[in-house]
Each structure stands twice: as structure tokens, then as C-alpha cells.
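*Asks:* Here is my input, please return the structure:
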Amino acid sequence: MLRFLLLWLLINCFLVSLSSARPQPFAMRISCGARNDVHTSPTNTRWHKDFAYTGGIPANATLPSYISPPLKTLRYFPMYTGPENCYIINRVPKGHYSVRIFFGLVNQTNFDHDTEPLFDVSVEGTQICSLKSGWTNLDEQTFAEALVFLMDGSASLCFHSTGHGDPAILAIEILQIDEKAYYFGPDWGQGVILRTTRRLSCGAGKPKFDADYNGDNWGGDRFWSPIKTFGQQSDHIISVETSIKQASILPNFYPEALYRSALVSTDSQPDLTYLMDVDSNRNYSIWFHFAEIDASIKNVGQRIFNILINGNVEFEDVDILKLSGGHYTALVLNTTVAVNGRTLTITFQPREGSHAIINAIEVFEIVSAEVKTSPDEVRALRSLKKALALPVRFGWNGDPCVPQQHPWSGADCQYDRAGNKWVIDGLGLDNQGLMGFLPNETSHLRHLQSINLSGNSIHGPIPASLGTITKLEVLDLSYNFFNGSIPESLGQLTSLRTLNLNGNSLSGRVPAALGARLLHRASFNFTDNAGLCGIPGLPACEPHLSPGAKIGIAFGTLIIFLLIITFAVCCWKRRQNILRAQNAARDAPYAKARIHSSRDIQMSKHNQGHTRTPTENGRLIP
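*Replies:* Below you'll find the predicted structure:
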């Protein structure tokens, strides 16, 4: 009985552990420009073949750094493909992600290798990177990385041309991390993006990704840049192979190897100082990693130091043994600072003992996530793009209004505070050689105040749905090929001040409501439309029936025509039935007998009529 009970408990514990086991995080890696999946050593990492892009051209790649994944292709985006190009990756589970984009150089004939492509990068509509001149010579700038929440089932990564070369993308990684990873305080959440500014592994000799560290996959496969010294003769390296406790745990899952090396200050320079360039007027989240791996430090109180950032004490009296609980145990400290200048200076200043120590440093810029454009209006603009056959040079990829540095050409944006979203309040696509038609979905841009499509070759009718855009003040459709009549609904636009429909092929009567608006200082132009009539300056309209009356007459005529056809068919069928009945009666046997009898009687009567009696013939001669 006891054995059975123990077995039952073991089985239940096993089932519970299975049910609570954490699944593997979502991971998507794309080898840009590749036609087939690629596996790279030493970890046999799988890179999916290229997909989900909005344009661009695949090409052979030149790797700018030994940090870059060993891939042979890339995708680049010439200016004629539009200023904004994106990868839109669908079916991404909701969650927290590390998104990383590697840059490359095109390796092909007639390409200027000395011209670095300089462009901007955005994730989910928020700009996270702006490449600066010289980036190909700085390993840490050959990729951009950010921690972002993806909550709508997709990921949008866009590349914005700045006029300095064509953006070229080597690879993309989207790696799921823990929901609470890098929690830094009350401002942390879905409205915040952490842009990786610097990750340093102090004392390490080679750059490594987390996969090489054998870290937990929920850590996000981070890259740690090695740094052997903060300055000449200012520090020295110590390292161990001992196992590190409290390292690879929730929620950040740091690899143990990160804590097995460190930089320690010297007697000649007790302060350990690191300087880095940053963007001014930004907030930064800084993470410090410690483990007491120095065997000479045996007791609490033997190594105590302060941590200063730009001269201000952020952590006072840091004692690693005391805070971590013992030797070879990971300790992580985090703080958020506002930086006004362009330099971030981190100083480890000893208080007790003569030396300071640091194992690793992470610096993130805290970026407020951009509010996106209303989804309904984005769909309407995409329908407009398709219907008007918008040239590829316009781009119109990604989000129309964000990042704010790169809105769509021809679309004017306005922030709607009530709805906490961006909306489109103007369309300026005049003289662009557009040859399509104006779709009904245009009316879904309900915040439009101005539409200017003049000087194109747009054909088809003017959608009556435009009359539902109540805020519309300017509608200029002049010098196109619009045909049909002017919709009555345009007369309902009480805010309309300018209406230019001249130079089209419109016909019919100008709606009376529009004609009446001319008395209220509205500027309307209907000229150069041969078929328009009904207001001063246009030909007088001939008497004509209303559309409803025309439909009624046509319907009545059709009914009468059908009745006549039906009557004629009935008469024809009745005549055919009579003829068939007569022919059948003549052919019947009894009818034939009656006919013969009748003929005999008639002949007998005929003969009797011609025979005379003696009396009638006169007296007989004997």
C-alpha cells in the first residue's frame, strides 16, 4: 500500500511538472534576400528564407563586422522603391520581444562601397535607430536592438531613407523574452520601448551572443560587447571558472559566464570610470552586474564603493558580499537617470578597501512608444493606394503618421486627443500622374478637411460617399476624367468652402444645394464639363424627367411589352388548337361515312331535280 501511494505521488508530481513546464519562447530569424532557409555555425541557428517585405531587391552581402551573422545575402531598398520600406511579420504571439536588425553592405558590380547607407529604423512605428557616418567601423553600430511589446499579432519593422544611400538589411531577429524582463519601475510597460545603447562584458576577450553562453532562451540571445579595460593602467582583469549562483533566473535569465570575469581598479587609479556618448535630453535605464569572484575578499565590509552617474551618487556603500549573500553569487542593480548632455560617465568609487569591481553593464534608452494611426484610416489609405495605382516611389508602407520624422508623402496627419490616435486630415496628391479611380473607402477618412487630386488622370464617377465626410472644406478634383453626374450628397457638406470640378467629363444638373451655396461666398468651379447645366454660367437644363420617373416609365413600358407578347402568344396558340381540332375531325372514320352519305343524298336530289313526269312533259302521243 505504501509503495502504491509513493508511486501515485510520483506520477502526480510528474504530471504537475509537465503541465507547469514553460514552453519554448517564440523565435523568428530571417536571412534577408535568401531564397532558402540557412543554418549558421557554431550553434546551427536556423534563419528563415526572406519573406514579409514590402519592396526592395535581394543581393549578395558584404559583412561590415565579425559580429554580423555569417549570412551571404541581404535586401536593399533603392530610393525609387519609396522612402519607407518594411517587413510586416504576421502571426506573432502577443508578448514581450527583443527585436534586432543587422545592417549590411551590397556586394555587387558598380556599387560604391565607400558610400555608407545612412537611414533610420523604426519598430512598430517608433524610431529606434538613426545610422551615423562611420557606423561600418564600429561593431556595436552594425545592428539595432530594442525591447518592445507586440500586442496586435504582428511586427512592423521599417527602414526610412534619408537621401544618403540605400538601406540594406542583412538579417532580422524577433525573440520572445519574459513578460517582466528589464522591469525598471512604474513607467515600465507597453507604452515604453527600451532601445539597447550598450552591453558590456567587462574583462571578456571575445564578443558573444547568449547562445554561446548556454543561457536560457528566454533571455533573448543577447550580444555582449567585450571590453578589456576602461583606460590604460586604470584597471586589471580577473576571471574564474567557478559556477555562479542566482544568475540565470527570472525574469532576465543572465548567463553565468557573464559573471566569471571582471575589471578591478588599481592602486594608482582607485576610481573605476567608464565614459560613453549618448543622445542628450534622454532618459536611460542602467543595469550593473556584480559577483564577488576575487578570492582575496573574504568578509563583508572588505570591499565597499559608491556608484556615481555624471557625478551624482546613485548607489551608496555597495557591498557585494552583503547584498548578494556570498561569494560567486550574482547581484544586479538598476537605476534610471536623465541625461542632459551628450556624455554618460559611470564611476565606481571605493569607500572601504582600495579597489572597485564591475562584471557587466547594460545601458538602455527609454523611448516612449509612438501612438499609431487609426486602423480604419490606415485600411482606407491602403485601399486608396491600390485604387489610384499609386507609384512605388511614394512608398506608403508601415504607418502613415509615425514615426513622426517620416510621415507618408501626400498624407497630412493630426493627433486626435479624444481617441488617443493619429488621423488623416488632408490628402495632397495633385499632379502625380495617377490613373486609377476614387474608391468608396475614401469616406472612411472621416477627419479629412482637404482633398486635392487635381491634375491627374483619375476616371470613373465621383463617389456619393464623399458626402459623409462632414469636416471636408476643400475638394479639388479638377482636370481629371471623372464622369457621370455630381452626387446630390455633396450638397450636404455644410463646411465645404472650395469645390473644383472643372476640366472633367461630368454631365447632368448641378445639385440645387450646391448652387444655393454660391450665394454664401463659396468658391465652386464647374467649367469645362460639356454636360453640366443648371446654374448661372452653365447651359440651361432641358426639361427632363427625374431619375425616378425615368425608371417608372421604363418599368411600365416593359410590363406593357410583356403583356402584348403574352396576348399574341395566347391567340396564336388558340388558333393552332382550333386548326388541329378541325383536321382531326375530318380524318375520323365516322366523319368520312357521313360525308359519303351526304354526297349520295345530294346526288339523288340533284337527279330528281332533273327528271320530269309525263304530266310535266305534256301529253303522251300514242
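*Asks:* what's near enough to touch Asp277?
*Replies:* Applying CB atoms under 8 Å, 6 or more residues apart in numbering to Asp277 gives the contacts 342-344. (C-beta placed from N, C-alpha, C; glycine too.)
*Asks:* Give me the buried entries from those residues.
*Replies:* Buried by 16 or more other CB atoms under 10 Å: Leu344, out of those.
*Asks:* could the contacts of Asp277 be laid out in JSON lines, adding pLDDT?
*Replies:* Below are the contacts of Asp277 laid out as JSON lines (pLDDT from 0 to 100):
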{"residue": "Arg342", "pLDDT": "95"}
{"residue": "Thr343", "pLDDT": "96"}
{"residue": "Leu344", "pLDDT": "97"}
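*Asks:* Now, the contacts of Asp277 that are in strands?
*Replies:* Of the positions in the contacts of Asp277, 343-344 sit in strands, assigned by DSSP state E.
*Asks:* Now tabulate the contacts of Asp277 in TSV and tack on distance to Gly428.
*Replies:* Shown next, in TSV, are those (distance: CB to CB, whole Å):
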residue	distance to Gly428
Arg342	37
Thr343	43
Leu344	42
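*Asks:* Looking at the contacts of Asp277, spot the one nearest Ser285.
*Replies:* Nearest to Ser285, judged by CB to CB, of the contacts of Asp277 is Leu344 at 11.8 Å.
*Asks:* What separation do you get for the closest one and Phe184?
*Replies:* Remark: distance between Leu344 and Phe184 (CB to CB, to the nearest Å) = 16 Å.
*Asks:* where do the helices sit along this structure?
*Replies:* For the chain, applying DSSP state H gives helices covering 2-20, 320-324, 375-387, 512-517, 547-586, 589-609, 614-617.
*Asks:* how about the strands of the stretch 201-350 of the chain, start to end?
*Replies:* 208-209, 223-227, 235-239, 261-265, 272-277, 282-290, 304-309, 312-318, 331-339, 343-352 (DSSP state E, counting those that start in this stretch).
*Asks:* Show me what the first one is packed against.
*Replies:* In this case it means strand 208-209. strand 223-227 (3 or more CB pairs under 8 Å, 6 or more residues apart in numbering; DSSP states H and E).
*Asks:* Show me what the strand it packs on is in contact with.
*Replies:* 67, 139-140, 143, 145, 198-210, 213, 258, 263, 360.
*Asks:* how about that strand: buried residues?
*Replies:* 223-224, 227.
*Asks:* Output the residues you listed in CSV; the columns should cover distance to Val367 and pLDDT.
*Replies:* Shown next, in CSV, are the buried residues of strand 223-227 (distance: CB to CB, whole Å; pLDDT from 0 to 100):
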residue, distance to Val367, pLDDT
Phe223, 19, 92
Trp224, 22, 93
Ile227, 25, 94
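*Asks:* that older thread, same list as before, the strands of the stretch 201-350 of the chain that is, but in a markdown table and with distance to Gln414 included.
*Replies:* As requested, the strands of the stretch 201-350 of the chain are arranged in a markdown table below (distance: least, CB to CB, whole Å):
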| stretch | distance to Gln414 |
| --- | --- |
| strand 208-209 | 43 |
| strand 223-227 | 40 |
| strand 235-239 | 54 |
| strand 261-265 | 51 |
| strand 272-277 | 36 |
| strand 282-290 | 27 |
| strand 304-309 | 39 |
| strand 312-318 | 40 |
| strand 331-339 | 30 |
| strand 343-352 | 36 |
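*Asks:* highest average neighbour count across these?
*Replies:* Neighbour counts (mean count of other CB atoms under 10 Å) averaged over each of the strands of the stretch 201-350 of the chain peak at strand 261-265, with a mean of 23.
*Asks:* Can you list the neighbours in contact with that strand?
*Replies:* The list of residues contacting strand 261-265 from outside it, by CB under 8 Å, 6+ apart, reads 201-204, 227, 229-230, 234-240, 271-272, 291, 293-294, 348, 350, 354-359.
*Asks:* Swap in 10 Å and give it another go.
*Replies:* 200-205, 226-230, 234-240, 271-274, 289-294, 303, 305, 348-350, 354-360 (CB atoms under 10 Å, 6 or more residues apart in numbering).
*Asks:* That one pairs with which strands, parallel or anti?
*Replies:* Here strand 261-265 has these sheet partners by DSSP bridges: strand 235-239 (antiparallel), strand 357-358 (antiparallel).
*Asks:* will you turn the ones you listed into CSV that also has mean pLDDT?
*Replies:* What follows is the strands paired with strand 261-265, written out as CSV (pLDDT from 0 to 100):
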stretch, mean pLDDT
strand 235-239, 95
strand 357-358, 98
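*Asks:* Can you redo these as JSON lines, where the extra columns are distance to Gly398?
*Replies:* Formatted as JSON lines, these follow (distance: least, CB to CB, whole Å):
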{"stretch": "strand 235-239", "distance to Gly398": "45"}
{"stretch": "strand 357-358", "distance to Gly398": "40"}
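*Asks:* Low-confidence stretches in the chain?
*Replies:* For the chain, the stretches with pLDDT under 70 are 1-21, 108-114, 518-520, 543-553, 581-622.
*Asks:* Specify the residue ranges that define each domain of it.
*Replies:* Split into domains by the TED database, the chain comes to 24-176, 191-370, 375-533.
*Asks:* For Thr566, find the nearest of those domains.
*Replies:* Across the domains of the chain, closest to Thr566 is domain 375-533 (CB to CB), at 36.3 Å.
*Asks:* Tell me which residues touch Thr494, please.
*Replies:* Per CB under 10 Å, 6+ apart, neighbours of Thr494: 470, 472, 513, 517, 520.
*Asks:* my bad, Gln449
*Replies:* Shown in contact with Gln449 (CB under 10 Å, 6+ apart): 412, 414, 424-427, 469, 471-474, 495.
*Asks:* Report how many residues lie close to the residue nearest to Glu370 when sequence neighbours are not counted.
*Replies:* Counting by CB to CB, 6 or more residues apart in numbering, Glu370 lies nearest to Val402, which is 4.0 Å off, once chain neighbours are set aside. The number of residues packed near Val402 is 22, by other CB atoms under 10 Å.
*Asks:* And the one 4 residues further on, by the same measure?
*Replies:* By other CB under 10 Å, 23 other residues sit near His406.
*Asks:* One more: Thr197?
*Replies:* 20.
*Asks:* I'd say it and Glu140 touch.
*Replies:* Yes. In this structure, Thr197 is within contact of Glu140 by CB atoms under 10 Å, at 9.0 Å.
*Asks:* residues bridging contact with those two, i.e. touching both?
*Replies:* What both Thr197 and Glu140 touch, as defined by CB under 10 Å, 6+ apart, is the set Met276.
*Asks:* these two touch, right, Asp294 and His327?
*Replies:* Yes. Counting by CB under 10 Å, Asp294 does reach His327; the two are 8.8 Å apart.
*Asks:* So for those two, which residues contact both of them?
*Replies:* Common neighbours of Asp294 and His327 (CB under 10 Å, 6+ apart) are 240, 320.
*Asks:* Which positions in stretch 190-207 come out as buried?
*Replies:* Those would be 192-204, 207, for stretch 190-207 by 16+ other CB under 10 Å.
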